[in-house]
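Novice: Got a predicted structure here, sequence first:
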Amino acid sequence: MNIYLIGFMGSGKSYTGQQLATALDLPFVDLDERIEQAEKRSIGQIFESEGESYFRNLEAQLLRATAAEGPAVISCGGGTPCFHQNMDWINTNGLSIYLKASVQLLAKRLKKGQEHRPLIRGFNTTELEGFIAERLEQREFYYNQAEIVIVQDDNQSLVPQLLTLCENRLKI
C-alpha cells in the first residue's frame with residue numbers, strides 16, 4: 001500500500017517523505033518531480049503555457065498511475081488533494097497523512113526558498129502569511145480528510161511518530 005503525504009507547500013512533504021521512505025525501505029516519489037519529468041519542463045512553465053486545468057489533469061493521471069507501481073511513499077503537491085476527487089482516490093488507494101503546520105511555521109520555512117517558488121516570490125512576511133492563511137482556508141477541507149493528521153512544530157522530527165503510525169496501520 002502506498003503512503004501519500006499531503007499538506008501545504010513548506011509542510012515538509014518531500015523532506016519527511018524521503019526520510020520515511022528510507023526508514024521503511026520503500027521507494028520515494030515526489031509527484032511534482034514526476035510531472036516535471038513527464039513534461040520536460042517546470043511546473044511554473046506548465047502553468048504559464050498550458051494553464052492550471054491542463055496541469056491538474058496531468059497531476060490526477062500521474063497520481064493514479066502510482067497505484068500500479070507497488071508500495072512507495074509519495075509526496076503530493078499542495079493542491080493535489082483539492083482537484084478531480086483526488087482526496088477520495090488517495091484514501092481508497094493508500095494511507096493518507098496530512099502534515100499540518102501553522103501559518104507562521106509555513107511562512108518561516110517558505111521565506112528561506114521563496115525566490116524558487118513563483119507563487120510567493122517577492123512577498124513580504126505579512127503578504128506571505130496572508131497568502132498562506134487564505135490558501136489553507138480553501139484547502140483544509142480536503143487536507144483534513146486524511147486518515148492521519150500530524151500537527152508539527154518547528155523542532156520535531158516527524159519520522160519516529162510516522163513510523164509507529166504506519167507500522168500500526170500497515171502491519172509492517
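Specialist: Structure's in. What do you need?
Novice: any idea which strand is longest in the protein?
Specialist: For the chain, the longest strand by residue count, based on DSSP state E, is strand 94-100.
Novice: three-state assignment of the residue lying closest to residue 158 once chain neighbours are set aside?
Specialist: Sequence neighbours aside, residue 16 is the residue nearest to residue 158 in space, at 5.0 Å (criterion: C-beta to C-beta, 6 or more residues apart in numbering). Heads up, the C-betas are built off the backbone N, CA and C, glycines and all. Reduced to three states with DSSP: H, G, I helix; E, B strand; the rest coil, the structure at residue 16 is helix.
Novice: Any idea how far stretch 122-131 is from the middle of the chain?
Specialist: 21 Å (C-alpha atoms, centre = their mean, to the nearest Å).
Novice: what does that stretch rub up against?
Specialist: 103-104, 107, 110-111, 114, 119-120 (C-beta atoms under 8 Å, 6 or more residues apart in numbering).
Novice: Which of those sits closest to residue 90?
Specialist: Nearest to residue 90 among the contacts of stretch 122-131, counting by C-beta to C-beta, is residue 119 at 22.6 Å.
Novice: Tell me the helix or strand right after the longest helix seen in the chain.
Specialist: Secondary structure of the chain per DSSP state H: the longest helix is helix 125-143. Scanning forward in sequence from helix 125-143 by DSSP states H and E, the next helix or strand is strand 148-151.
Novice: Which secondary structure elements does the next helix or strand after that following strand sit against?
Specialist: Proceeding C-terminally, strand 148-151 gives way to helix 159-170 as the next helix or strand, assigned by DSSP H and E. Contacts defined by 3 or more C-beta pairs under 8 Å, 6 or more residues apart in numbering; DSSP states H and E place helix 159-170 against helix 13-24, strand 94-100, strand 148-151.
Novice: Could you tell me the angle between helix 159-170 and strand 94-100?
Specialist: 150 degrees (axes from the mean of the first three to the mean of the last three C-alpha atoms, to 10 degrees).
Novice: For helix 159-170, give me every contacting residue.
Specialist: Counting by C-beta under 8 Å, 6+ apart, 1, 3, 16, 19-20, 23-24, 95, 97, 147-148, 150, 172 sit against helix 159-170.
Novice: ok so, going back, just the closest of the contacts of stretch 122-131 to residue 9, please.
Specialist: Distance to residue 9 across the contacts of stretch 122-131 (C-beta to C-beta) is lowest for residue 110, with 6.6 Å.
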